[in-house]
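Student: Sequence and predicted model, in that order:
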Amino acid sequence: MNIKFNTKLAEKYHSPSQIARVLTEDWAKREAYCPQCGEKIWEYENNRPVADFYCAKCKEDYELKSKNGNSGKKINDGTYSTMIERLNAKNNPNFFFLNYSSSDWEVKNLIVIPKHFFVPSIIEKRKPLLPPARRSGWIGCNILMGGIPERGKIFYIKDGKAVSQNKVLDQWQKTLFLREIGENDSKGWILDIMQCIDKLGAQEFTLSEIYAFEDTLARKYPRNNFIKDKIRQQLQILRDRGYLEFSGRGKYKLVT
């Protein structure tokens with residue numbers, strides 16, 4: 001992938017935000033591809049409310065979020081109520097998050113987050129805008145990147161270096177089973193266990209190590225009196241879906 005923007009496109013613009021939008025959208029249109037099939041993505045017409053790009057073959061939609069510098073732990077998005085409604089919609093898009101440097105107009109990082117990692121718990125409701133703001137009363141939202149398991153952050157470009165397309169496509173396939181889990185609460189449990197595994201920071205772990213998160217999960221799910229049972233259930237699902245391997249005697253291993 002060519003990480004450089006076509007800066008000639010910015011010559012007729014003066015607004016920094018317009019320049020950034022034109023350059024990043026042009027770059028994504030030229031260089032990005034569908035992580036489901038590897039085919040070229042196409043740009044929707046302007047002002048489409050749901051997505052920016054689509055794959056003609058897979059019918060996947062993508063929204064592009066770009067930022068000069070690092071994204072940070074929170075990414076600003078649009079209207080809170082609209083985002084929550086979109087989570088269960090069939091046309092809910094996947095997200096591209098692009099970090100670039102305006103000093104050299106190059107892409108530093110590009111990740112895709114599949115739509116099946118988006119649940120209400122990672123959407124933060126912002127405070128309403130106050131007068132004299134033009135949109136007084138409007139309530140926006142933030143996407144909490146810390147609430148997304150690492151397997152849900154698929155790099156195309158990392159620290160200025162492109163990741164092989166085969167690796168991107170392979171990583172995408174590993175979590176597609178989440179789309180078959182419809183209820184946000186059920187999916188939320190699996191995502192929470194994925195994050196617990198991430199926090200252990202090892203390819204292999206034991207059931208007792210996951211049990212160490214019992215209190216944390218109990219605070220998040222106060223109505224559930226059988227946290228350990230629920231943990232074992234989610235590990236079973238992850239094993240059946242090929243995300244984990246069971247090594248016996250309470251030992252598990254992440255499938256790479």
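Tutor: Nice, thanks for sending it over. Numbering: from 1, shown residues only.
Student: And the strands in the stretch 1-150 of the chain?
Tutor: 42-43, 53-54, 61-68, 74-79, 94-101, 106-113, 123-125, 140-144 (DSSP state E, counting those that start in this stretch).
Student: Of all the ones you listed, which one is nearest Ala20?
Tutor: Among the strands of the stretch 1-150 of the chain, strand 61-68 comes nearest to Ala20, with 6.4 Å by Cβ to Cβ. In short, each C-beta sits where N, CA and C put it, glycine included.
Student: partner strands of the closest one, parallel or antiparallel?
Tutor: strand 53-54 (antiparallel), strand 94-101 (parallel) (DSSP bridges).
Student: would you list the ones you listed in a markdown table and tack on mean neighbour count, distance to Gln173 and mean pLDDT?
Tutor: As requested, the strands paired with strand 61-68 are arranged in a markdown table below (neighbours: other Cβ atoms under 10 Å; distance: least, Cβ to Cβ, whole Å; pLDDT from 0 to 100):
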| stretch | mean neighbour count | distance to Gln173 | mean pLDDT |
| --- | --- | --- | --- |
| strand 53-54 | 22 | 20 | 95 |
| strand 94-101 | 20 | 14 | 97 |
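Student: Out of the ones you listed, flag the one nearest Leu9.
Tutor: strand 94-101 (14.0 Å).
Student: pLDDT weak spots in the stretch 51-200 of the chain?
Tutor: The model of the stretch 51-200 of the chain has pLDDT under 70 over residues 182-185.
Student: ok, back up a step: in a markdown table: the strands of the stretch 1-150 of the chain, plus distance to Ser17.
Tutor: Below are these laid out as a markdown table (distance: least, Cβ to Cβ, whole Å):
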| stretch | distance to Ser17 |
| --- | --- |
| strand 42-43 | 19 |
| strand 53-54 | 20 |
| strand 61-68 | 10 |
| strand 74-79 | 13 |
| strand 94-101 | 13 |
| strand 106-113 | 18 |
| strand 123-125 | 23 |
| strand 140-144 | 17 |
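Student: Minimum distance to Leu200: which of those has it?
Tutor: Closest among those, using Cβ to Cβ: strand 140-144, at 20.7 Å.
Student: ok so, going back, put together CSV for the strands paired with strand 61-68, with distance to Trp189 on each row.
Tutor: Converted to CSV, the strands paired with strand 61-68 look like this (distance: least, Cβ to Cβ, whole Å):
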stretch, distance to Trp189
strand 53-54, 31
strand 94-101, 22
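Student: Domains of this protein: list them as residue ranges, please.
Tutor: 1-177, 181-256 (automatic domain parsing).
Student: how far does the last one stretch from start to finish?
Tutor: Pointing back at domain 181-256 there. Separation of the first and last residues of domain 181-256 by Cα to Cα, to the nearest Å is 22 Å.
Student: repeat for stretch 203-216
Tutor: 22 Å.
Student: For that stretch, list every residue counted as buried.
Tutor: Across stretch 203-216, burial judged by 16 or more other Cβ atoms under 10 Å covers 205, 209-211, 213.
Student: What is the burial count for Asp192?
Tutor: By the criterion of other Cβ atoms under 10 Å, Asp192 has 22 neighbours.
Student: now do Glu43
Tutor: 16.
Student: Name the nearest residue to it, ignoring sequence neighbours.
Tutor: Excluding the flanking residues, the one nearest Glu43 by Cβ to Cβ, 6 or more residues apart in numbering is Lys29, at 5.0 Å.
Student: ok, the closest residue in space to Gly160 that isn't next to it in sequence - contacts?
Tutor: Among residues not flanking Gly160 along the chain, Lys108 sits closest, at 5.6 Å (Cβ to Cβ, 6+ apart). Shown in contact with Lys108 (Cβ atoms under 8 Å, 6 or more residues apart in numbering): 3, 99-101, 157, 159-160.
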